[in-house]
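> build me a model from this:
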Amino acid sequence: MSRHTAIAVTGTGSLIGQAIIKSILRSDLCDEIELVGMDYFEQTVGSYWTEKNYLLPDILNPDVEEQSWLNSIISILSENAVKLLFIGVDFELPLFARYKSMIEEETGARLMVCSSQVIEIANDKYLTYQFLKENGLPHPRSFLPGELDFANLDYPLIVKPRKGARSVGLHKVSCEAELKTALHRVDDPIIQECVGTDDDEYTCGTIFLDDRLQKSIVLKRSLKEGNTYISHFKNDFPTRITEYLEAVANCLKPYGACNFQLRLDPDGTPKIFEINARHSGTTYIRSLFGYKEVEYIVNHLLFEKAISFDLREGTVIRYYEESLVQ
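Model prediction:
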């Protein structure tokens with residue numbers, strides 16, 4: 001194994017990118033890997049954790065052409081002989097999926113990104129619902145505004161954007177008046193059954209490689225401002241969750257890591273309400289429980305080495321931390 005196998009991570013300023021970087025730095029791979037970071041802002045804390053860091057053209061700026069962004073990515077990967085690229089920014093996923101084959105051919109790097117079809121299903125909560133329904137998998141009852149029969153609805157309901165995350169724009173409504181108000185406040189909304197309670201919520205992960213499910217984990221979680229801040233892992237979580245997760249992953253076939261948010265309904269049936277076709281912001285938290293997904297993927301793809309997980313029960317509490325940089 002080379003001491004300087006280069007791995008790149010986008011989003012050195014994002015929770016996801018930083019979780020991927022920390023997972024490598026605090027693993028058995030730390031002395032073997034040269035980390036190359038990328039972001040759209042200077043002075044991200046993750047940029048101080050990588051050997052090199054690059055600023056990317058701001059692809060969200062209408063004046064920046066997609067080709068300019070693409071040329072920068074190819075140049076950085078080629079210049080550093082990067083072998084594997086992890087994606088740490090949500091809005092990059094459709095772009096990397098679209099150009100995956102071309103970038104891999106030109107640079108020799110492997111891109112950890114799902115297909116455009118999987119990303120489209122994950123990014124649109126109505127498509128997620130349709131995917132689960134069409135595959136005979138449990139799902140929250142879901143409606144678009146034009147499908148609502150106001151006289152025959154069971155409350156409470158959840159109103160939220162079809163494309164969104166971290167509970168941004170989410171409204172829990174208890175009557176028709178509240179529902180109509182929420183529908184005016186949310187752009188392009190979906191209306192869904194309110195499954196279970198906050199105490200029934202889980203964040204789950206899978207690793208799907210070589211066209212099969214390799215690993216999965218189920219964590220119970222508590223949220224603060226849309227992000228997980230307390231996670232629990234126990235070996236005796238309901239097996240129905242793991243079985244459901246595996247069934248969904250085998251139908252969806254995401255590439256690499258994928259993240260699923262779900263709740264249990266009153267009879268204990270798990271129902272997914274959000275899929276993130278990427279690594280989770282809890283990637284490093286999972287590694288603390290022994291689910292070392294980044295280490296697993298790197299070893300599997302770059303070094304043809306299989307590692308096993310020694311999962312341990314416990315609770316992980318997330319907190320803020322400060323760094324002096326000089």
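> what is the least confident helix or strand in this structure?
strand 227-233 (a mean of 89; mean pLDDT, DSSP states H and E).
> please state the backbone phi and psi of the nearest residue to Ser116 once chain neighbours are set aside?
Among residues not flanking Ser116 along the chain, Ala97 sits closest, at 4.4 Å (Cβ to Cβ, 6 or more residues apart in numbering). (C-beta placed from N, C-alpha, C; glycine too.) When quoted as degrees, to the nearest 10, the phi and psi of Ala97 stand at phi -60, psi -40.
> how many residues are close by Ala97?
21 (other Cβ atoms under 10 Å).
> ok, now Gln130?
14.
> before we move on, back to that, what is the least confident helix or strand of the chain packed up against?
strand 212-224, strand 314-317 (3 or more Cβ pairs under 8 Å, 6 or more residues apart in numbering; DSSP states H and E).
> which of these has the lowest mean pLDDT?
Least confident of the helices and strands packed on strand 227-233, judged by mean pLDDT, is strand 212-224 with a mean of 93.
> can I see the domain layout of the chain?
5-113, 118-122+197-317, 148-193 (the TED database).
> among the helices and strands packed on strand 227-233, which is the most enclosed?
Mean neighbour count (mean count of other Cβ atoms under 10 Å) peaks for strand 212-224 among those, with a mean of 17.
> pairing partners for it, with directions?
strand 201-209 (antiparallel), strand 227-233 (antiparallel) (DSSP bridges).
> ok, back up a step: the residue nearest to Ser116 against Ile121, yeah?
No. Checked against Cβ atoms under 8 Å, the pair Ala97 and Ile121 is beyond contact range at 11.9 Å.
> what's near enough to touch the closest residue in space to His4 that isn't next to it in sequence?
Using Cβ to Cβ, 6+ apart and skipping the chain neighbours, the partner closest in space to His4 is Glu34 (4.8 Å). Contacts for Glu34 (Cβ atoms under 8 Å, 6 or more residues apart in numbering) come out as His4, Thr5, Ala6, Ile7, Glu51, Lys52, Asn80.
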